[in-house]
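Engineer: sharing a model that was predicted from the sequence below.
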Amino acid sequence: MPKVTIDGHTIEVAEGTTILNAARQIGGDLVPPAMCYYSKLDVSGGKCRTCLVEVTKGSEKDPRPMPKLVASCSTPVMDGMEVGNKSSAKVMDARKGVVEFLLINHPLDCPICDQAGECDLQNLSYEHGASGSRYEEDKRTFEKIDIGPNIQLHMTRCILCYRCVNTVDQITDSRVHGVLNRGDHSEIGTYIHNSIENDFSGNVIDVCPVGALTDKTFRFKSRVWFLNPMNAHCKCDKCSGEAVVWMFGDEIYRVTGRKDQYGEVKDFICNTCRFDSKDLAKWTIEGPRHIERGSIIGQGHYELKPEDNIKEIG
Amino acid sequence: MGRKILLEKINVENIHTYDVYRKEGGYEAVEKALKKMTPDEVVEEVKKSGLRGRGGAGFPAGMKWSFIAKPEGVPRYLLCNADESEPGTFKDRYLMEKNPHLLIEGMILSSYALGCNTSYIYIRGEFMWILRILEKAIAEAYTNGWLGKNIKGSGYNLDLYVTPGAGAYICGEETALIESLEGKRGNPRMKPPFPAIKGLWQCPSVVNNVETLASVVSIVNNGGDEYAKIGIGRSTGTKLISACGNISKPGVYEIELGLSVEEFLYSDEYCGGIKDGKRLKACVPGGSSVPILPHYLVTKTSAGEQRLMSYESLADGGFATGSMLGSGGFIVFDEDQCIVRNTWNFTRFYHHESCGQCSPCREGTGWMEKVLHRIENGHGHKHDIDLLWDVQRKIEGNTICPLGDAAAWPVAAAIRHFREEFEWHINEPVKCLEKNYGLVKEPVLAI
C-alpha cells in the first residue's frame, strides 16, 4: 500500500487513491477544497482547479517533483509521494487566482441567494479569496430557466463545475442535461428548457456547490440559518428515505439529502421525498443534525436529542 | 536551394489524382513496407530518423509510437490531427489540398507500424472542400487495393475514414479530438491516462499531425538515417513553414531545419524580406500561441549567435529571450503594426475558443481580452499591465490542457518585450488611436 505525505502528515492508503481522498482520510484543514469533485459520482473532478496541489516528490522510485501543480482530485498517489497543500506558497497563490477567476463572473448576490449559508463558493472565497475585486467589466448574465416544475436554474450563479451534468448522466440513460456553447458563454441546459424526467432529478440541487440550481418549493421561503435541520427518515420504495428535514417550528420547509462535512450527500433521495413530502406526519424524526461549529446554520440550532435528560432550572 | 521532401511533387499537374501520384513513385513506400519490413522495423526507422511531431510540441514521433499499449484483443487506432486552426498556420491544408495521397500513404505506413486496422483523419469542419478531396483520394486508394482487406496480398487490413469537426480550435488538442471523434462535446480529458493507454473508445491510440504522418513516406522510402542527415542536431528533416504578415512573399515553404531565420526572412527564395521596404518590428515564429520576438531577437539570440529555424535555436534563452518553433506559423510584423492590438486579437481568439471546462482558462481568457481591449482603445489604467501579467501567470500551468498556456504565453511575451508600448498606450490615450508606436528600443544590458 502506498504511503503518501501531505503537509508533513503521512498516511498509508489503498492503491489508486487520489491525493484528495488521501487528504480526506487524514482530515483536518489540510484537505484541499473541491468545487467540482464529488466522490458519490462515477465521473467528476478536474475542472474547477481549486484542489491544485504541489507534488514536491513524485514517488520513491522517481523522486522528481511534478513540473506543474496537479489536480489532487484526479491524481492517484504513488508510494513515497510528498505533497504540499497549505504548506506550499505556490498552491496558495494559484488557489487565490482560481477563486478570483470563479468570482469574476459570479454575481455575488448572496443576500438574495437561497444557497447563502451553505454555499461552497462562499466558504472557499472566505478562506482563499481577496477582499476586493480587480475585475471592472460587466459580469455575464442569463435569464432564469425552469428545469421541470420543481427545479430552477439560474446560470448567472453557475461556476460550471459539471456536477449536475455528471449526476444526470448517471441517473438517466440518455443525454438530457449538458453544456451548451463554449468558453465563458457556456451554459448548462436541457436542450431546450426541457424538464429532466427522472425520479432522482432533484439531486442536482444537492450537488450544486452554488445557488445555480435551487428548489422551487423552497425558494425565498426562508434563510437556511433560521431553520432547524433534523435527521429524519420515511418509508419510501424508491430511495433509502433517509433525509434531512429543515424545520421551522412544526413545519417542514424543505427536504434535502444528508450532506457530510465536504458537502456530499450520503444517499441520493427521490423527488417524492424531496418535493412532495412536506407533511410532518410522513417522517420519523431521529434528532437534530450535527452542524459544524463555524457554520452560520448552527445559530439557534441545539443538538439535543429528546432522550437527553434536560434538567429544568429552578 | 533546400531539399524538398513534402513539397517535392506539389507542382506536378494533377498530383491529387491517383494515376499521377502513382506514376510519380507514389505508394512505393507502402509496397516496400508491406513486403520487406515488419511493423517494428518501420517504427525503428522512424525512431532513427529523429522525426519530431510537427503539430507544435515537437515530441519525437518514434518515441510516441513506442509508448502505445498493446494489450491482446484490443484494437488500436491511429488518428490524424488535421484540425489545423491556429492563427498563422496553414501548412497542413496546403499539403492535403494539393497532395492528399501523400497523407494517405503516410497513414497506411504508420497504421501498419502501429498495428492499427482502423484509422481516422479528423479534419477541421471549415475544410469541407479538403474533406471531399481526401474522400475522393481514399476512394481511389480503395479501388486500387491500397486500403481495405488484405492490402496487396500482404494480409494486412486497413480502413481509413475522414471525420469533420464542428469548428472548434480546442479539438486540435489530442484528447479533445478523441472526445469529438466519439461524438461527444470536445472537452479535453484529464491526463493520465494518456491516449497511448486509453484513447479512442478507451483503446490505445496515437494522434499525429498531418505533416508528421506525411513525412513517414520519405523515411520508409529512403531510410531513417538518410532523413536524419537533413537538419541540425535533434531537429532533423524538413519542416513546412507557413509565412504570413508583412512580407513580400507570403506562402507555405518547406525548409531544412537549421536554416537561418535571417535567410528565411530576407532571401528571395523564401519570404523575400519585409514588404514595401519597411523595417521589421516583431515576429511570431511558430503560430499564435508561441511567444512573440522583438526585432532585435528575431535573427539573433540574446547571446549574439545567429538564430536558426530549429526546435532548439528558436527556444534559445527560454521564454525570457526565446520562443518556439511550434506549428510553423511564421507571422511577421513591420514597424507600422501595433503589438497591443495584435495581442488583443490573439487573446480574443483564445477567449472565443476556450472550451469553458476549467475555470482559469474560461474566465481568465475573457478577462485578459477585456483588459487588452480597454488598453487598445485608450481606456487603460496604469495598473492594467500588472493586472494582465498577474492574470496570465495564474492561467499558465493551472489548466487541464495546453490551451491555457497558449493563451497566456503571447500576453506574457508581449508585456515582457513591449512593455513601453503598452505604457505609451495608457499614457497617450488619444494619440494611440491615431498612430502606432513604432519600434521598441533594444534594452542595453548593464555591465
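Structural biologist: Thanks, I have it. Since the structure is predicted, the reported quantities are computational estimates derived from the model, not experimental observations.

Engineer: when you work out contacts or count neighbours from here on, use the C-alpha atoms and nothing else.
Structural biologist: Fine.

Engineer: neighbours around the nearest residue to B:R124 once chain neighbours are set aside, how many?
Structural biologist: Nearest residue to B:R124, sequence neighbours excluded (CA to CA, 6 or more residues apart in numbering or on different chains): B:D83, at 4.2 Å. Applying other CA atoms under 10 Å in any protein chain shown, we find 30 residues neighbouring B:D83.

Engineer: swap in A:E197?
Structural biologist: A:E197 has 11 nearby residues by other CA under 10 Å.

Engineer: repeat for B:C432
Structural biologist: Under the neighbour criterion other CA under 10 Å, B:C432 is assigned a count of 20.

Engineer: who in the stretch 51-200 of chain B is up against chain A?
Structural biologist: Taking CA under 8 Å from any CA of the partner chain as the contact definition, the stretch 51-200 of chain B meets chain A at B:M190.

Engineer: low pLDDT regions in the stretch 51-200 of chain B?
Structural biologist: Within the stretch 51-200 of chain B, no stretch has pLDDT under 70.

Engineer: can you list the residues of chain A near chain B?
Structural biologist: A:46-49, A:52, A:68-70, A:74, A:94, A:97-98, A:101-102, A:104-105, A:134-135, A:137, A:159-161, A:182-186.

Engineer: which of the residues in stretch B:56-65 are buried?
Structural biologist: B:G56, B:G58, B:P60, B:A61, B:G62, B:M63, B:K64, B:W65 (16 or more other CA atoms under 10 Å in any protein chain shown).

Engineer: got it, and stretch A:65-74?
Structural biologist: Along stretch A:65-74, these residues count as buried under the neighbour rule (16+ other CA under 10 Å): A:P65, A:L69, A:V70, A:A71, A:S72, A:C73, A:S74.

Engineer: ok so, going back, check contacts around the residue nearest to B:R124.
Structural biologist: By CA atoms under 8 Å, 6 or more residues apart in numbering or on different chains, the contact set of B:D83 is B:Y122, B:I123, B:R124, B:G125, B:G165, B:Y169, B:C171, B:G172.

Engineer: narrow the residues of chain A next to chain B to those in strands?
Structural biologist: A:L52, A:V70 (DSSP state E).

Engineer: returning to that earlier point: so which of the contacts of B:D83 belong to strands?
Structural biologist: B:Y122, B:I123.

Engineer: who wins for neighbours among the contacts of B:D83?
Structural biologist: Going by other CA under 10 Å, B:C171 tops the contacts of B:D83 with 30 neighbours.

Engineer: returning to what we had before: in the buried residues of stretch A:65-74, find the pair that's most separated.
Structural biologist: Largest separation among the buried residues of stretch A:65-74 by CA to CA: A:P65 and A:C73, giving 17.9 Å.

Engineer: work out for me the element A:Y126 sits within.
Structural biologist: Here A:Y126, judged by DSSP states H and E, is contained in helix A:120-128.

Engineer: tell me, how many neighbours does whichever residue of chain A sits closest to chain B end up with?
Structural biologist: In chain A, the residue found nearest to chain B is A:G183; the distance is 3.7 Å by CA to the nearest CA. Neighbourhood size, A:G183 [other CA under 10 Å]: 22.

Engineer: could you count how many residues lie near the closest residue to chain A within chain B?
Structural biologist: Chain B approaches chain A most closely through B:G356 (3.7 Å), counting by CA to the nearest CA. Number of residues near B:G356 (other CA under 10 Å) recorded here: 24.

Engineer: got a list of what it touches?
Structural biologist: A:L160, A:R182, A:G183, A:D184, A:H185, A:S186, B:R362.

Engineer: is the first one in contact with B:Q357, as I believe?
Structural biologist: The reference is to A:L160. Yes. A:L160 is in contact with B:Q357 according to CA atoms under 8 Å; the separation is 7.2 Å.
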